[in-house]
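Engineer: quick one: sequence and predicted model below, then my questions.
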Amino acid sequence: MLGSLQKAVKVGDLRQKLLFTLFMFLVFRIGAHIPVPGIDPDAVQKFLSGQLFNFFDIISGGAFKRFSIFAMSITPYINASIIMSLLTVVIPKLERLQKEGEEGRKVIAQYTRYGTVILAFIQAMGMAIALGRTGAVAHNNFFMYLFIAICLTAGTALLMWIGEMITEKGIGNGISLLIFAGIVSRIPSQISGVRQELAGGIIGFFNIFLFILLALAIIVAIIAVNEGQRRIPVQYAKRVVGRKLYGGQSTFLPLKVNTAGVIPIIFALSLLMFPATIGSWIPESGFNTFMNTYFHQGSALYNLLYALLIVFFTFFYVSIIFNPADVAENVKKYGGFVPGIRPGRPTAEYIDRVLTRLTLAGGVFLALIAVLPNFIVYATHVTSLAFGGTSLLIMVGVALDTMKQVESNLLLRSYEGFVK
């Protein structure tokens, strides 16, 4: 990895892309510290104390609890993208656009941008009204709420543009890199927290060593599963066109173990944290007492439901984004077949069986990765460096994808010499 980065810095075109990406990161971090006018930051800190808010604060790189112009981060864009993915399955027009190639995807991307702005404005208006009821807003009137909502929506739109610019002119997927940058930006403050715990005698050097060792083991497991594939062999029949013979080659259909990525964890976490956050708004109620006693983040009931929901959402999301019948039809259309399996419906059923087993393995893995950090913190007592499973998956996955793009660009430039 370090060797690839050194080579990339020496190549002029790649160096410009890396510098452009770093400059966009700088803009993102500056914006994360620009507060929205008319907001009392101390009152916001008291209000945004739920576990769900902590998750959003991690994704936004601390901008959420500062209530800066980037407070909502890129989450409205992620929600809009998920909604568009669901709608492409339900609405035939969107499904046709998706199958039209690059032009159709551009239209869907434009719809996603519109949806992002709409969702961001609705979410921002709700946040402004909720903060107004707590006394965090300077003037409790509609125009002040509207002003706050416009500031937050503009910040999200700017982040969406920055992400697209990184994808187009930089290296890697811009949206994923922004989330990655937000998570990584919290590391210095967390290291400072570990130093305070160490100085106060709360933990020792052995606790830190054990925590790092377990974290490295989790990262290695994430890399192994993310790179893991089940390759279904596909053979293409020979066909004669004129005087030439085409086909006859063997290839494979790669099915990833972790097809759903980090999406099931985000779905499950949002669903589980919502009741706890509602309970924190009514602290004197019996509901909040029950949540704090039996449904806190370290409880057995919470972790069990968390794991089950992750497995469920893994199957749900994979069923949406991957259709074995379409894959089998495409293989049949181009004269391909799986050895020992008849083309058409039997091939689709075979792919579905393999995908079901892979999805189960991927869902169980995601559940373990999401739950294990809670037990690691309990075993090592290191709370300041407590990265959740979602954060680790995002960081490792984005780092791997970005380095693959860097290596692909380097390989492309290596071939230029042979072409000349």
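Structural biologist: That came through, no problem. Remember, predicted model here, so these are calculated numbers, not experimental data.

Engineer: quick one: the strands in this structure?
Structural biologist: Defined through DSSP state E, the strands belonging to the chain, from first to last, are 229-236, 239-241, 244-246, 250-256, 336-337.

Engineer: which stretches of the stretch 51-200 of the chain have low pLDDT?
Structural biologist: Per-residue confidence for the stretch 51-200 of the chain (pLDDT under 70) gives these ranges: 51-55.

Engineer: of all the strands of the chain, which lies closest to residue 321?
Structural biologist: strand 250-256 (11.2 Å; CB to CB). Just so you know, the C-beta spots here come from the backbone N, C-alpha and C atoms, and that holds for glycine as well.

Engineer: deepest of the strands of the chain, which one?
Structural biologist: Scoring the strands of the chain by mean neighbour count under mean count of other CB atoms under 10 Å gives strand 336-337 as the most buried, with a mean of 20.

Engineer: strand partners of it, parallel vs antiparallel please.
Structural biologist: strand 229-236 (antiparallel) (DSSP bridges).

Engineer: picking that back up, so for residue 168, which of the strands of the chain sits nearest?
Structural biologist: In terms of CB to CB, the element of the strands of the chain nearest to residue 168 is strand 250-256, at 25.7 Å.

Engineer: hang on, the earlier thing: out of the strands of the chain, which gets nearest to residue 202?
Structural biologist: In terms of CB to CB, the element of those nearest to residue 202 is strand 250-256, at 40.8 Å.

Engineer: average pLDDT across the closest one?
Structural biologist: For strand 250-256, the mean per-residue pLDDT is 85.

Engineer: now that strand and strand 229-236, what's the angle there?
Structural biologist: In this structure, strand 250-256 runs at an angle of 150 degrees to strand 229-236, with axes from the mean of the first three to the mean of the last three CA atoms, to 10 degrees as the basis.

Engineer: quick one: strand 250-256 to chain centroid distance?
Structural biologist: Taking the mean of its C-alpha atoms, strand 250-256 sits 25 Å from the chain's own mean (CA atoms, centre = their mean, to the nearest Å).

Engineer: what packs against it?
Structural biologist: In this structure, strand 250-256 packs against strand 229-236, helix 345-380, with contacts taken as 3 or more CB pairs under 8 Å, 6 or more residues apart in numbering; DSSP states H and E.

Engineer: if we go to 6 Å?
Structural biologist: Here strand 250-256 touches strand 229-236, going by 3 or more CB pairs under 6 Å, 6 or more residues apart in numbering; DSSP states H and E.

Engineer: just the CA atoms of the strand it packs on, as CSV, please.
Structural biologist: Taking only C-alpha atoms (Å, rounded to 0.1, in the frame of the first residue of the first chain), the coordinates of strand 229-236 have been written out as CSV:
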residue,chain,number,x,y,z
GLN,A,229,-15.7,-14.3,-3.2
ARG,A,230,-17.6,-17.4,-4.3
ARG,A,231,-16.7,-17.9,-8.0
ILE,A,232,-19.4,-19.7,-10.0
PRO,A,233,-17.8,-21.1,-13.2
VAL,A,234,-19.5,-20.1,-16.4
GLN,A,235,-18.7,-21.7,-19.8
TYR,A,236,-19.6,-19.9,-23.1
